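Asks: sequence? don't have it. structure:
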């Protein structure tokens, strides 16, 4: 297939699953593609299939099994592989910590902004032997049309969610200190996670419509009266991931489709 000619409205939807979403329930598998890319190997083989009536390509960000820490994810290979497979719209599912008072464990957030605190990651396709310097506009890091589809699904499902949020992308793999979370809050962050960047920027470089569907799995450091435990995180994943899956299942048909203008 010549993927350059694929139109967004008939292209498969890409879903990148993070912690708690290493597979996609309801995906009727049609095959797998184990790709090599100019940037190395993706985290896992692409799972091809259908969800409802829509073709979907699923990629486990941390591998199968879950083994790749956030700072060692090959984000460039992942996004390149999805683009090569014909994907033009991507939803990145992220497990995050909550800073904003309304964004506690098991709360779903569809953020509209991001601040990048990561370092040392392969963060651009524009390097090496270039014919010219390229600077993408990143004013609005998430596709508003894709966000609106996710928000409509969350509203229809009557799930507890927030349709705004600044995602603070931290380096990991350790969790943050309470002082670092205070700094992030002063900077305006509402949630924090370790995988939001450079994924969003690489998607923008490839001209992909990209949105984030985040599940809060713990209060950020210093935002509760106890230390963060894996038991707490696993309980929030168990409680909230069914809502994430429901949003994805309801949204895939509309993602990448032209917006219908009201009369």
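Replies: Yep, it's here. Predicted model only: the values in this text are computed from it and were never measured.
Asks: Please give the element, helix or strand, for residue 146.
Replies: helix 144-156 (DSSP states H and E).
Asks: Same check on residue 57?
Replies: Per DSSP H and E, the secondary structure element for residue 57 is strand 54-60.
Asks: repeat for residue 202
Replies: helix 199-205.
Asks: And that helix, what does it pack against?
Replies: Counting contacts by 3 or more C-beta pairs under 8 Å, 6 or more residues apart in numbering; DSSP states H and E, helix 199-205 is packed against helix 75-84, strand 89-98, strand 209-219. (C-beta placed from N, C-alpha, C; glycine too.)
Asks: Specify the beta-bridge partners of the residue nearest the centre of the chain.
Replies: Central residue of the chain (C-alpha atoms, centre = their mean): residue 92, 1.8 Å from the mean position. Beta-bridge pairing for residue 92 (DSSP bridges): residue 16, residue 212.
Asks: Show the model's pLDDT score for it.
Replies: At residue 92, the model reports a pLDDT of 97.
Asks: One more: residue 6?
Replies: 46.
Asks: Then residue 47?
Replies: 92.
Asks: quick one, longest helix in this protein?
Replies: Under DSSP state H, the helix in the chain containing the largest number of residues is helix 230-251.
Asks: So what's the gap between that helix and the chain middle?
Replies: 14 Å (C-alpha atoms, centre = their mean, to the nearest Å).
Asks: in it, what's buried?
Replies: By neighbour count with 16 or more other C-beta atoms under 10 Å, helix 230-251 contains the buried residues 232-233, 236-237, 240-241, 243-251.
Asks: Quickly run through the sheet partners of the lowest-mean-pLDDT helix or strand in the chain, with directions.
Replies: Every helix and strand of the chain was ranked by mean pLDDT, DSSP states H and E. The lowest is strand 28-33, at a mean of 86. Its sheet considered, strand 28-33 pairs with strand 46-51 (antiparallel) by DSSP bridges.
Asks: The strand it pairs with to helix 75-84, inter-axis angle?
Replies: Interaxial angle of strand 46-51 relative to helix 75-84 (axes from the mean of the first three to the mean of the last three C-alpha atoms, to 10 degrees): 50 degrees.
Asks: Need the contact partners of strand 46-51.
Replies: For strand 46-51, the surrounding residues in contact (C-beta atoms under 8 Å, 6 or more residues apart in numbering) are 12-13, 23-24, 26-35, 55-59, 81-82, 85, 248-249, 252.
Asks: Low-confidence ranges, the protein, go.
Replies: The chain contains residues with pLDDT under 70 at 1-9, 20, 22-25, 258-263.
Asks: Next up, identify which helix or strand residue 186 is on.
Replies: helix 178-187.
Asks: ok, residue 76 - contacts?
Replies: Residue 76 touches 37, 39-40, 122, 125, 198, 202, counting by C-beta under 8 Å, 6+ apart.
Asks: Pull up the distance across stretch 110-129, start to finish.
Replies: 37 Å (C-alpha to C-alpha, to the nearest Å).
Asks: Tell me the buried residues in it?
Replies: Quick answer for stretch 110-129 (16+ other C-beta under 10 Å): 110-118, 121, 123, 125.
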